[in-house]
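>>> Sequence and predicted model, in that order:
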Amino acid sequence: MGNSTRCHSIIESLFNHQFSISVITSGNGLEYFQSIKQIDNLFKFHSLNYTKGKDGNISALATLFSIPLHLTILLKNVFLLNNIINKNKFSAIIIDSDYTLLLLKWKIKIPVFALNNAHIIVDECKNLSKIPKDIKAQLLIEKLDNYFHQVIPDYVISPSIKKIENNKNIINLPPFVRKQVQPSQIKSKKNISSLNCLVMLSGSSFGSKTDFINDINNDQILLINVIGRQGFSSKNIKFLGKVIKNYKVILEADILIINAGFSAVSEAYIRGIPSIIIPVENHAEQFINAKIFEELNLGYSANEINVSSKLDLLIKNYNKIKKNHISNGIKNVGADAAALFIKRKIKNLHSR
């Protein structure tokens, strides 16, 4: 639900600027946004997803071969979105990982803003001495995504945990994170003999398995909470299942074990939580997100096999990594900055 939480943060800020907001989404997004009070209208899209390969992981090639099916779904969404736009007087459209406007942009007279940082993934991969073979196919999708956002939206608002200069129509801002997980102050933890660990893996069918939990054997881990997975709970391990409003359990976590979706990484970054980042296999974006997080010395990149040893290393260096988070001094200002940018552009358009 990373896209949902990211959009939620923007919605909160736009609502504070007296905007009336409608949302069109699919899948888990529908369930997530049903309880968000700042939304006036919630519409349903047909879902577009990556396709699995024989090994159960993301297959960029299988996804590309399934384009005819995706085109059919896209056309259904185009007609649906067209009807919604015609029946409502919107001041702007904000998209996040949705391509329905590809066939409608020519007739839309209002500004289109996109939340997207595919350009960072493409640029970071260019700087690699060698691109890992397993991410090359999915990197092609990132390149297509980047090209789409250079051509279709009027403005691209790009969140990043790494400082990047603005480029053409791309506005680079700090991450967009829900206000509910924003700390008033990131503090060091004096007693690291009793740490709470939160395992919060992707809710998609490509999210990592949790078998590694059985290999975790560190006396300093007091409790392991697991969100988004079913399992047998014990004294020290609690499987919480699907939790839509997961703010409280995040606020209680001293360590996160997460996949490398950008929203999860952003919340670890803004919250200031030392983390183990597990990139979903064959996924260029997640590979780069984990790489950047580790390069900033905010945690460690891992795979499903070496999580336990990386966790031991994280705990050994916990205070040092926590200080790196504190020294960043990051505040949750990305969403507010994005909302102000959107508001200013709409106001300028209306004043012409």
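Thanks, I have the structure now.

>>> in the stretch 151-300 of the chain, which ranges drop under the pLDDT threshold?
183-187, 190, 203-208 (pLDDT under 70).

>>> which residues of it fall in strands?
Using DSSP state E, counting those that start in this stretch, the strands of the stretch 151-300 of the chain run over residues 155-159, 170-173, 195-200, 221-227, 237-241, 255-259, 275-278, 299-301.

>>> so what's the backbone phi/psi at H325?
For H325, the backbone dihedrals (degrees, to the nearest 10) come out as phi -60, psi -50.

>>> Just give the nearest non-adjacent residue to it, would you?
Counting by C-beta to C-beta, 6 or more residues apart in numbering, H325 lies nearest to G272, which is 3.9 Å off, once chain neighbours are set aside. For glycine as for every other residue, the C-beta is placed from the backbone atoms N, C-alpha and C.

>>> So the one you found is in contact with N324, correct?
No - counting by C-beta atoms under 8 Å, G272 does not reach N324; the two are 9.3 Å apart.

>>> neighbour count winner among those two?
Comparing G272 with N324 by other C-beta atoms under 10 Å, the one with more neighbours is G272, at 20 against 15.

>>> From the recorded domain assignment, give the ranges for this structure.
The record's domain split for the chain, according to automatic domain parsing, is 2-177+332-350, 180-328.

>>> Kindly compare burial across the ones you listed and name the winner.
Among the domains of the chain, judged by mean count of other C-beta atoms under 10 Å, the one packed with the most neighbours on average is domain 180-328 (a mean of 18).

>>> wait, doesn't N259 sit right on V280?
Yes - using C-beta under 8 Å, N259 is in contact with V280, at 5.6 Å.

>>> May I have the residues that are in contact with the closest residue to S47 other than its chain neighbours?
What sits nearest to S47 in space, not counting adjacent residues and going by C-beta to C-beta, 6+ apart, is S26, at 4.3 Å. Going by C-beta atoms under 8 Å, 6 or more residues apart in numbering, S26 touches 44-48.

>>> between those residues, which is nearest S9?
For these, the minimum distance to S9 (C-beta to C-beta) is 20.3 Å, reached by F45.

>>> re the thing from before, in the contacts of S26, find the pair that's most separated.
Within the contacts of S26, K44 and L48 form the most distant pair, 13.1 Å apart (C-beta to C-beta).
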